[in-house]
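[1] give the three-dimensional model of this entry:
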Amino acid sequence: MAGTPKGRLKQYEPALLEQPWQTVREGVQVKLLSEEGELYVLAESKDRVNKERAMRRRQLKGLVKRLKGLAGMELTRDQLLLKLGAAKNQYPAAWRLVAIEVPEKESALRPPAFTFVLRRDKLRQVRRREGRYLLRSNLSAQAPEQLWQFYIQLTQVEAAFKDLKDDLSLRPIFHSSEQRIEAHIFVSFLAYCLHVSLRACLKPLAPGLTPRSLLEKFATVQMLDVHFPISDGRELVFCRYTQPEHDHKMILAQLAWDLPPQSPPRITQKGRVLKE
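    Next up, the predicted model:
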């Protein structure tokens, strides 16, 4: 299973419109189309529809507000074009839904410096495709439920690699022996297991938190060793972690977690621990 470019959906859209929807699970339905020895699967997810629709509305609302503000400003044509370019970069998804007409270079710019209208034909097309994506497979004999499951597994694998590279900051390291390569993979796998376990803990108790946001939040809680010299030449070493702040305590209470007690001091002599 593999995803396809947006242009491919436009290419096969007329043929897909003639196919019936098949439900693969609650909230997810698909259409199947065999073309040139491959099976194309048009999938529609209600959750994805709602998510993309909310994102598009938020972007369009922000762009319209920005354009109304720019239209009332006294700007030169060059200043206006620069600000319109910035608005395009800030609201790229909504930009293609709006048609903007800027006066010619020779014209004097007076508020309103330009006009814009909503491209309703483009908006209808976008609404029709929200939450839908086209998949391609060579497993033409498989049931729709199995094809969907294969795709979900693929997205999970891609998400795992994304977590390793982003959240766990895994980077290319060139090892000189096979044992070091295996050790590197093993440590990375353990880190990913902890990451998945953390996500599973957060889902029922704090669904608004992601592992990334939790790690970023608790990055301010640090552990350090505090050394106090004694008159006989030895040192008292206190291993202490910084006290959690109010928002940390709220998260710990939500997850029913307790921080371990502060460890007792150690007495050292010439860098060696004599007793605890």
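[2] let me see the contact set for Phe114.
    The neighbours of Phe114, taking Cβ atoms under 8 Å, 6 or more residues apart in numbering as the test, are 70-71, 80, 84, 100-103. Any C-beta I mention is one placed from the backbone N, CA and C, and that applies to glycine too.
[3] please name the nearest non-neighbouring residue to Arg96.
    Lys122 (6.4 Å; Cβ to Cβ, 6 or more residues apart in numbering).
[4] need the next SSE after the host helix or strand of the one you found, C-terminal direction.
    Using DSSP states H and E, Lys122 sits in helix 120-129. From helix 120-129 onward toward the C-terminus, using DSSP H and E, the following helix or strand is strand 132-137.
[5] return the distance of that next one from the chain's centre.
    Offset of strand 132-137 from its chain centre (Cα atoms, centre = their mean, to the nearest Å): 21 Å.
[6] name the helices or strands packed onto it?
    strand 2-3, helix 6-17, strand 38-45, helix 144-165 (3 or more Cβ pairs under 8 Å, 6 or more residues apart in numbering; DSSP states H and E).
[7] kindly recompute the last result at 10 Å.
    strand 2-3, helix 6-17, strand 28-35, strand 38-45, helix 46-71, helix 144-165 (3 or more Cβ pairs under 10 Å, 6 or more residues apart in numbering; DSSP states H and E).
[8] on that earlier part again, relative to Leu134, which of the contacts of Phe114 is nearest.
    Ile100 (30.4 Å; Cβ to Cβ).
[9] show me where pLDDT drops low in the stretch 101-250 of the chain?
    Scanning the stretch 101-250 of the chain for pLDDT under 70 picks out the ranges 105-110, 138-159, 161, 163-164, 167-170.
[10] 80 - rerun?
    Within the stretch 101-250 of the chain, the stretches with pLDDT under 80 are 103-113, 133-175, 185, 188, 207-208, 233.
[11] quick check: the residue nearest to Arg96 touching Val98?
    Yes: because the distance of 8.9 Å satisfies Cβ atoms under 10 Å, Lys122 is recorded as touching Val98.
[12] neighbour count winner among the two?
    Val98 (19 against 13; other Cβ atoms under 10 Å).
[13] how about the nearest residue to that one, chain neighbours excluded?
    Phe116 (5.3 Å).
[14] and for Arg53?
    Glu130 (5.3 Å).
[15] could you do Gln222 as well?
    Spatially, and ignoring its direct neighbours in sequence, Gln222 is nearest to Thr242 (5.4 Å; Cβ to Cβ, 6+ apart).
[16] need the contact list for that neighbour.
    220-224, 248 (Cβ atoms under 10 Å, 6 or more residues apart in numbering).
[17] please repeat the previous calculation with a cut-off of 8 Å.
    By Cβ under 8 Å, 6+ apart, the neighbours of Thr242 are 220-223.
[18] could I get the full set of strands for the stretch 151-276 of the chain?
    For the stretch 151-276 of the chain, the strands defined by DSSP state E, counting those that start in this stretch occupy 223-229, 235-241, 266-269, 272-275.
[19] show me what the second one is packed up against.
    Pointing back at strand 235-241 there. Judged by 3+ Cβ pairs under 8 Å, 6+ apart, the packing partners of strand 235-241 are strand 223-229, strand 266-269.
[20] do the same with the third one
    If contacts are counted by 3+ Cβ pairs under 8 Å, 6+ apart, strand 266-269 sits against strand 235-241, strand 272-275.
[21] if we can go back for a sec, export the strands of the stretch 151-276 of the chain as JSON lines, with columns for distance to Leu39 and mean neighbour count.
    Converted to JSON lines, the strands of the stretch 151-276 of the chain look like this (distance: least, Cβ to Cβ, whole Å; neighbours: other Cβ atoms under 10 Å):
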{"stretch": "strand 223-229", "distance to Leu39": "54", "mean neighbour count": "10"}
{"stretch": "strand 235-241", "distance to Leu39": "55", "mean neighbour count": "14"}
{"stretch": "strand 266-269", "distance to Leu39": "66", "mean neighbour count": "14"}
{"stretch": "strand 272-275", "distance to Leu39": "66", "mean neighbour count": "8"}
